[in-house]
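Enquirer: Next come a sequence and a model predicted from it.
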Amino acid sequence: MNILVLYAHPVETSFNAGLHKVIVERLTAAGHAVDDCDLYAENFDPRLTRAELLGYHDERGAGDPAAPYV
């Protein structure tokens, strides 16, 4: 089975980080295809800037910011 693990926590030594590690390890060991997406490690910025909002509906200049994650 293909499984996406979407993780976002700023501290690598947190309890959540430990859970994330175990989840990915166990799913992989069980033979699943795991896509592990750590948003903080990828420097993902969830905020929409003013410039991005103003250009949101302009299809000519708009790229697909979600493309790397899809």
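Expert: Arrived safely.

Enquirer: for the record, mean pLDDT for stretch 33-49?
Expert: Across stretch 33-49, the average pLDDT comes to 92.

Enquirer: what sits up against that stretch?
Expert: Under the contact criterion Cβ atoms under 8 Å, 6 or more residues apart in numbering, stretch 33-49 has outside partners 1-10, 20, 24, 27-28, 56, 68-69. The C-beta positions use only the backbone N, C-alpha and C, and glycine is treated the same way.

Enquirer: What of stretch 10-22?
Expert: Stretch 10-22 is contacted from outside by 5, 7, 9, 38, 40, using Cβ under 8 Å, 6+ apart.

Enquirer: coming back round to it: in helices only, show me the contacts of stretch 33-49.
Expert: Mapping these onto helices (DSSP state H) picks out 20, 24, 27-28.

Enquirer: hang on, Cys37 in a helix?
Expert: No. Counting by DSSP: H, G, I helix; E, B strand; the rest coil, Cys37 is not part of a helix but strand.

Enquirer: any weak-confidence spans in this protein?
Expert: Filtered on pLDDT under 70, the chain yields the residue ranges 59-65, 69.

Enquirer: So which residues of it form strands?
Expert: For the chain, strands defined by DSSP state E occupy the ranges 2-7, 33-38.

Enquirer: before we move on, the earlier item: filter the contacts of stretch 33-49 down to just the buried residues.
Expert: Neighbour counting by 16 or more other Cβ atoms under 10 Å classes 7, 20, 24, 27 among those as buried.

Enquirer: Could you check how many residues crowd around the residue nearest to Leu6 when sequence neighbours are not counted?
Expert: What sits nearest to Leu6 in space, not counting adjacent residues and going by Cβ to Cβ, 6 or more residues apart in numbering, is Cys37, at 5.1 Å. Cys37: 15 surrounding residues under other Cβ atoms under 10 Å.

Enquirer: Repeat that for the one 5 residues further on.
Expert: Neighbouring residues of Glu42 were enumerated by other Cβ under 10 Å; the total is 11.

Enquirer: Quick check: phi and psi on it?
Expert: The phi and psi values for Glu42, taken as degrees, to the nearest 10, are phi -90, psi 10.
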